[in-house]
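Chemist: coordinates for the following, if possible.
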Amino acid sequence: MKFETIYISENKPIPNSNLPVIFYSSIFQEGKEDYGEDFFKLFEKNGWGNSWRNGVYSFHHYHAKAHEVLGCASGWVKVQLGGVKGDVFELKKGEAVILPAGTGHKRVEASADFSIIGAYPYNQSPDLNKEDSEKYAGNKESIQKVQNPEKDPVTGEEGPAVKEWQ
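Modeler: Purely as a prediction, here's the structure:
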């Protein structure tokens, strides 16, 4: 399994984070049409819950009270990270990305068969924030208070969400 870390700068009114986004490739062996159940089980095993299956919103948004992991169950999606000036990244079936609290994200394009599994550390509940200058300062404070997870949702106790986010 491979991972890559990417730092995304503040991009008002999207706060982003001083923690890196973590992309995972080659999580599962090829061969399945859908990895939804595999992602649900993997995230649960590593202490990430409140799971759901759906898509990614087509507007810029972020979570000020929770980190989020997204596992691409089927198809592919292009996601813009960091706000309107952010870069676009492609996530394919069997890949995952961890978004630290405050990281803006938006679906730009997706395949017809696209589906994603999302989850959060057990002690965190997501909120939904759009580009809102009035809430910016308060949300930035909330983001700084979000605890780092005890386990990486993909690799467990020794994973990059534990080591890279210290």
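Chemist: buried ones in stretch 133-150?
Modeler: Neighbour counts over stretch 133-150 (16 or more other CB atoms under 10 Å) mark 136, 139-140, 142-143, 146, 149 as buried. Bear in mind the C-beta positions are built from the backbone N, C-alpha and C, glycine included.
Chemist: ignore the last one, stretch 77-96
Modeler: Buried-residue list, stretch 77-96, by 16+ other CB under 10 Å: 77-83, 86, 89, 91, 93-96.
Chemist: go on, stretch 5-13?
Modeler: So, applying 16+ other CB under 10 Å, buried residues of stretch 5-13: 8, 11, 13.
Chemist: nearest to Ser26 among those?
Modeler: Ile8 (23.0 Å; CB to CB).
Chemist: and the pLDDT at the closest one?
Modeler: We have a pLDDT of 96 for Ile8.
Chemist: separation between the closest residue in space to it that isn't next to it in sequence and His67?
Modeler: Nearest non-adjacent residue to Ile8, counting by CB to CB, 6 or more residues apart in numbering: Gly82, 4.1 Å away. The spacing between Gly82 and His67, counted by CB to CB, to the nearest Å, is 16 Å.
Chemist: could you do Val84 as well?
Modeler: Applying CB to CB to Val84 and His67 gives a distance of 22 Å.
Chemist: one more: Glu30?
Modeler: The value you get for Glu30 to His67, if CB to CB is used, is 28 Å.
Chemist: so between the two, which is more surrounded?
Modeler: Neighbours per residue (other CB atoms under 10 Å) separate Glu30 from His67, with His67 holding more: 27 against 7.
Chemist: please, where are all the strands along the protein?
Modeler: 2-6, 21-25, 48-54, 68-74, 76-81, 87-92, 96-99, 105-110, 115-121 (DSSP state E).
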